[in-house]
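Engineer: please find the sequence and the predicted model below.
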Amino acid sequence: MSQIDEMACKELVEVVTEYLEGSLALKDRERFAAHLAECPYCAYYLEQFREVIAASGALTLDSIALDRRAELLEAFRGWRDGGV
């Protein structure tokens with residue numbers, strides 16, 4: 001694989017959702033897999049990403065305390081508007 005074809009960590013982070021959804025192009029899936037084989041940090045990142053998805057899938061609106069719900073909504077409003 002040439003230098004041009006290698007996937008950088010930053011690119012992997014940008015396409016991880018597409019990878020997990022199965023919508024990443026075949027060539028990019030191959031580059032993704034090759035990068036994971038060489039980069040333990042990105043392999044760990046992917047593992048964490050999968051764990052978050054699994055954990056958040058168990059959440060229901062009723063399982064989140066009202067004050068926490070308000071905090072989350074405010075945080076996401078700030079994120080959507082470009083704030084942090």
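Structural biologist: That came through, no problem. Numbering: from 1, shown residues only.
Engineer: low pLDDT regions in the protein?
Structural biologist: The model of the chain has pLDDT under 70 over residues 1-4, 78-84.
Engineer: what ranges do the helices span in the chain?
Structural biologist: Here the chain has its helices, by DSSP state H, at 9-21, 26-38, 40-56, 66-80.
Engineer: quick one: distance of the last one to the chain centre.
Structural biologist: Distance, stretch centre to chain centre, for helix 66-80: 20 Å (CA atoms, centre = their mean, to the nearest Å).
Engineer: as JSON lines, the helices of the chain with mean neighbour count would be great.
Structural biologist: C-beta: built from backbone N, CA, C; applies to glycine. Shown next, in JSON lines, are those (neighbours: other CB atoms under 10 Å):
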{"stretch": "helix 9-21", "mean neighbour count": "14"}
{"stretch": "helix 26-38", "mean neighbour count": "14"}
{"stretch": "helix 40-56", "mean neighbour count": "12"}
{"stretch": "helix 66-80", "mean neighbour count": "10"}
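Engineer: list the contacts for Trp72?
Structural biologist: Just so we're on the same page, residue 72 is Leu rather than Trp. Leu72 is in contact with Ile64, counting by CB atoms under 8 Å, 6 or more residues apart in numbering.
Engineer: quick one: it and Ser56, what's the gap?
Structural biologist: 11 Å (CB to CB, to the nearest Å).
Engineer: contacts for stretch 27-35, please.
Structural biologist: By CB under 8 Å, 6+ apart, the surrounding residues in contact with stretch 27-35 are Met1, Asp5, Glu6, Met7, Ala8, Cys9, Leu12, Val15, Glu18, Tyr19, Leu24, Cys42.
Engineer: at 6 Å what do you get?
Structural biologist: The contact list for stretch 27-35, computed with CB atoms under 6 Å, 6 or more residues apart in numbering, reads Met7, Leu12, Tyr19, Cys42.
Engineer: got TSV for those, with distance to Asp67 too?
Structural biologist: TSV is the format used below for the contacts of stretch 27-35 (distance: CB to CB, whole Å):
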residue	distance to Asp67
Met7	41
Leu12	36
Tyr19	35
Cys42	36
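Engineer: which one of the residues you listed is nearest to Arg50?
Structural biologist: Of all the contacts of stretch 27-35, the one sitting nearest Arg50 is Tyr19; the distance, using CB to CB, is 10.7 Å.
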